[in-house]
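Student: predicted model and sequence follow; I will ask about them next.
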Amino acid sequence: MNIHEYQAKELFKKYQIPIPDGGVAFNVDCAVSIAGELSGFPVIVKAQIHAGGRGKAGGVKLANNLSDVKKIAKDMLGMTLVTNQTGPNGKKVSKILIESGVNIDKELYLSILPDRASAKIVLMASLAGGMDIETVAEETPEKIVKVYVDPLSGIQAFQLRQLAFGLELPSPLMRQFSTMVRNLYDLFVMNDCSLLEINPLIITTDERIMAIDAKINLDDNALFRQKEILEYRDVDEEDPLEVEASKYQLNYIKMDGNIGNMVNGAGLAMATMDMIKQAGAEPANFLDVGGGANAEQVENAFRIMLSDQNVKGILINIFGGILRCDVLATGVVEASRKVGLSLPVVVRMEGTNVDEGRKILEDSGLNLITATDLADAAQKVAQMAQA
Ligand code: GDP
Ligand code: MN
């Protein structure tokens with residue numbers, strides 16, 4: 001799960017990470033009143049969307065007085081912001097963060113994430129922070145310092161020094177920096193983050209360290225024990241079909257192709273997507289209905305896939321274990337009737353009650369095509385979608 005910058009900064013505040021004063025506004029009046037309560041000008045107005053790259057796209061603006069704030073807030077609220085991370089359709093701005101401007105001496109980069117290869121938590125830091133960190137990572141990766149923290153022993157003093165040396169921090173800032181990194185590490189672990197990124201982490205002209213941007217992603221699989229964090233969920237920022245799917249405990253990810261596929265089990269879903277590609281077509285989604293899906297879930301999954309306008313054909317690939325083939329077939333038939341199905345649907349199923357399942361499909365009178373095996377299924381659906 002992603003959260004907004006202003007929410008990440010609330011967490012920062014809780015963990016004593018220095019950030020500029022400010023607050024979030026949902027309308028112009030509120031923006032002006034927040035700005036009026038800050039210590040002076042300039043004030044920074046920042047679009048709150050689940051994507052970075054805002055600075056270069058006009059989503060971060062500086063205001064020198066209250067009427068500036070008013071004008072910027074008016075323009076920004078309701079605008080569609082297209083950044084290099086939003087995709088071509090952009091994201092609608094419905095919240096803005098109003099913050100005290102700070103005088104920047106240096107822009108640094110700091111992030112924390114799990115490293116699968118070493119099974120450790122990696123902290124990355126770079127002197128070359130700011131809006132072009134992706135270029136730095138690509139062209140001059142040696143400018144990024146990495147330390148790998150063993151989650152059992154936690155972060156060590158020598159590792160804090162390694163980061164500080166990498167950032168060429170002046171020694172008077174060392175203590176502040178160490179405290180901040182320890183707190184960030186605690187925040188990361190305590191809240192089950194999958195990414196914490198500060199870009200830029202700045203040194204102000206009066207020699208203070210401060211986070212002026214904040215990005216946090218959370219591990220979805222840990223949200224059950226992060227009730228407070230779950231309050232931060234903003235469904236307006238998520239794909240509407242993915243939100244719908246999550247209501248029925250379906251694992252659905254929208255993709256760019258035109259073959260919808262419904263599968264039980266994540267591994268089988270991955271394999272099915274490979275087969276679709278191999279047949280020369282592109283999957284429109286990942287959809288795992290889970291091992292124990294019922295007819296209602298199958299019906300919802302089917303409806304969600306069909307409401308994606310790109311979908312030109314559907315492949316259902318189920319191995320009937322706990323989810324029996326007759327239950328699946330019933331769900332498919334009911335859903336097809338309800339939505340007035342007009343797309344080709346290829347069904348490949350095997351396993352428990354497969355004969356009953358096939359009979360239900362045949363007796364339905366619907367135009368459902370059964371496939372002999374997975375390769376056959378992928379071929380059939382790819383051909384039909386092209387035709
Ligand atoms: P992003 O582009 O979405 O990552 O948004 P950021 O929050 O990183 O802001 C982009 C850039 O705006 C930063 O790299 C800074 O250079 C600049 N910026 C943001 N806040 C301030 C501020 O308070 N003072 C100054 N001088 N610049 C700021
Ligand atoms: Mn940034």
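Tutor: Noted; the coordinates are in hand. Ligands and ions are numbered 1, 2, ... in the order given.

Student: what's the burial count for K74?
Tutor: K74 sits with 13 neighbouring residues when counted by other CB atoms under 10 Å. Every C-beta, even on glycine, is put in place using the N, C-alpha and C of the backbone.

Student: before we move on, what about the one 4 residues further on?
Tutor: With neighbours defined by other CB under 10 Å, the count for G78 comes to 9.

Student: ok, it - contacts?
Tutor: K92, V93, S94 (CB atoms under 8 Å, 6 or more residues apart in numbering).

Student: what number of residues lie near the residue nearest to V122 when sequence neighbours are not counted?
Tutor: Leaving aside its sequence neighbours, V122 sits nearest to D115 (CB to CB, 6 or more residues apart in numbering; 4.2 Å). By other CB under 10 Å, 14 other residues sit near D115.

Student: just the one 5 residues further on next, same as before
Tutor: As a burial measure, K120 scores 15 neighbours (other CB under 10 Å).

Student: for V149, see how far away it is.
Tutor: 6 Å (CB to CB, to the nearest Å).

Student: swap in L81?
Tutor: Distance from L81 to V149, by CB to CB: 35 Å.

Student: check contacts around G280.
Tutor: A382, Q386.

Student: can you check N2 too?
Tutor: H50, I216, N217, L218, E237.

Student: distance of it relative to ligand 2?
Tutor: 14 Å (CB to the ion, to the nearest Å).

Student: same check on Q379?
Tutor: 46 Å.

Student: now that residue, nearest residue through space, not along the chain?
Tutor: Q379 sits nearest to A279 (CB to CB, 6+ apart), 5.2 Å away.

Student: can you check S178 too?
Tutor: L160 (4.6 Å).

Student: give me the element that neighbour is part of.
Tutor: Using DSSP states H and E, L160 maps to helix 157-166.

Student: may I see the buried residues of that helix?
Tutor: Q159, L160, Q162, L163, A164, G166 (16 or more other CB atoms under 10 Å).

Student: wait, a strand at G129?
Tutor: No - counting by DSSP: H, G, I helix; E, B strand; the rest coil, G129 falls outside a strand, being coil.

Student: for the residue nearest to it when sequence neighbours are not counted, grab the count of nearby residues.
Tutor: In this structure, G129 finds its nearest non-sequential neighbour in Y109, 3.6 Å apart by CB to CB, 6+ apart. Each residue near Y109 was counted by other CB under 10 Å, and the total is 24.

Student: for Y109, grab phi and psi.
Tutor: Note on Y109: backbone dihedrals following degrees, to the nearest 10 are phi -130, psi 140.

Student: how about it, what does it touch?
Tutor: 124-130, 133, 136, 144, 197-201.

Student: what's the closest of these to ligand 2?
Tutor: N199 (4.2 Å; CB to the ion).

Student: flag every residue of the protein that's near ligand 2.
Tutor: N199, D213 (CB under 5 Å from the ion).

Student: name the spans of the chain whose pLDDT lies under the cut-off.
Tutor: Low-confidence segments of the chain (pLDDT under 70): none present.

Student: ok and the residue in it nearest ligand 2?
Tutor: For the chain, CB to the ion, closest residue to ligand 2: D213, 3.6 Å.

Student: for that residue, which non-adjacent residue is closest in space?
Tutor: Distances taken as CB to CB, 6+ apart put N199 closest to D213, at 5.5 Å, once the chain neighbours are dropped.

Student: in the stretch 51-200 of the chain, which spans are strands?
Tutor: Applying DSSP state E, counting those that start in this stretch to the stretch 51-200 of the chain gives strands spanning 60-63, 80-81, 91-92, 96-100, 104-115, 120-126, 144-149, 193-204.

Student: what is the second one packed up against?
Tutor: What that stands for is strand 80-81. Counting contacts by 3 or more CB pairs under 8 Å, 6 or more residues apart in numbering; DSSP states H and E, strand 80-81 is packed against strand 91-92.

Student: let's see if you can find the most crowded of the contacts of N2.
Tutor: For the contacts of N2, neighbours tallied by other CB under 10 Å; top is I216, 26 neighbours.

Student: so that residue sits in a strand?
Tutor: Yes - the assignment for I216, made by three-state DSSP, places it in a strand.

Student: thinking it is in contact with I198, fair?
Tutor: No - in this structure I216 lies outside contact range of I198 using CB atoms under 8 Å: 9.8 Å.

Student: and the strands of the stretch 51-200 of the chain: which comes nearest Y6?
Tutor: Set against Y6 and scored by CB to CB, the strands of the stretch 51-200 of the chain come closest in strand 96-100, at 4.7 Å.

Student: CA atoms of stretch 71-86 as PDB?
Tutor: Output in PDB follows, covering the C-alpha atoms of stretch 71-86 (Å, rounded to 0.1, in the frame of the first residue of the first chain):
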ATOM      1  CA  LYS A  71      -3.900  31.400  -6.600                       C
ATOM      2  CA  ILE A  72      -1.700  28.300  -6.600                       C
ATOM      3  CA  ALA A  73      -4.100  26.300  -4.400                       C
ATOM      4  CA  LYS A  74      -7.000  27.200  -6.800                       C
ATOM      5  CA  ASP A  75      -5.000  26.100  -9.800                       C
ATOM      6  CA  MET A  76      -3.600  22.900  -8.200                       C
ATOM      7  CA  LEU A  77      -6.700  21.500  -6.600                       C
ATOM      8  CA  GLY A  78      -8.700  19.600  -9.200                       C
ATOM      9  CA  MET A  79      -5.900  19.700 -11.800                       C
ATOM     10  CA  THR A  80      -4.700  16.500 -13.400                       C
ATOM     11  CA  LEU A  81      -1.000  16.100 -12.800                       C
ATOM     12  CA  VAL A  82       1.100  14.100 -15.300                       C
ATOM     13  CA  THR A  83       4.500  13.200 -14.000                       C
ATOM     14  CA  ASN A  84       7.100  10.600 -15.200                       C
ATOM     15  CA  GLN A  85       5.600   8.300 -12.600                       C
ATOM     16  CA  THR A  86       1.800   8.700 -13.100                       C
END
